[in-house]
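Trainee: What would the 3D arrangement of this be:
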Amino acid sequence: MVNLSTIKVSDVMDFEKEHSIEIVAKDINIFEIENIFEKAHKKKRKIEGVIITENGKIEEVPLGIITAWELIQIDYTID
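Mentor: As a prediction, the model looks like this:
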């Protein structure tokens, strides 16, 4: 069994250079996250996901991740 509870975002980012991500604090709302994806899209930059940490810092343990797919699912369930 692998324990990931102490792995920080920065530990993973040392190996992941190819995919673009953003890191945000846990108190951000879904509309702000959607805005992050929209701004990146307008700049022709693809974001693979938004990683949520306690204070939005790379040296923190991730609490969750939101991808564009989750945003689509949320929009779809609201209707």
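Trainee: rest of the way, CA atoms for contacts and neighbours
Mentor: Fine.
Trainee: Report the beta-bridge partners for the spatially most central residue of the chain.
Mentor: Among the residues of the chain, the one closest to the centroid is V50, at 1.2 Å (Cα atoms, centre = their mean). With DSSP bridges as the criterion, V50 is bridged to E22, I66.
Trainee: does it really touch K26, like I thought?
Mentor: No - V50 is not in contact with K26 according to Cα atoms under 8 Å; the separation is 10.9 Å.
Trainee: still on that earlier bit, and the residue nearest to the centre of the chain, what pLDDT?
Mentor: For V50, the pLDDT comes out at 94.
Trainee: Next up, the contacts around it.
Mentor: Contact partners of V50, counting by Cα atoms under 8 Å, 6 or more residues apart in numbering, are I21, E22, I23, V24, I33, I65, I66, T67.
Trainee: where's it relative to A40, distance?
Mentor: 12 Å (Cα to Cα, to the nearest Å).
Trainee: In this protein, mark out all the strands, start to finish.
Mentor: 21-25, 49-53, 64-66 (DSSP state E).
Trainee: Just put the ones you listed in TSV and tack on distance to M13.
Mentor: Listed next are these as TSV, based on distance: least, Cα to Cα, whole Å:
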stretch	distance to M13
strand 21-25	10
strand 49-53	11
strand 64-66	14
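Trainee: Now do the buried residues in stretch 30-47.
Mentor: Across stretch 30-47, burial judged by 16 or more other Cα atoms under 10 Å covers I33, E34, F37, K46, I47.
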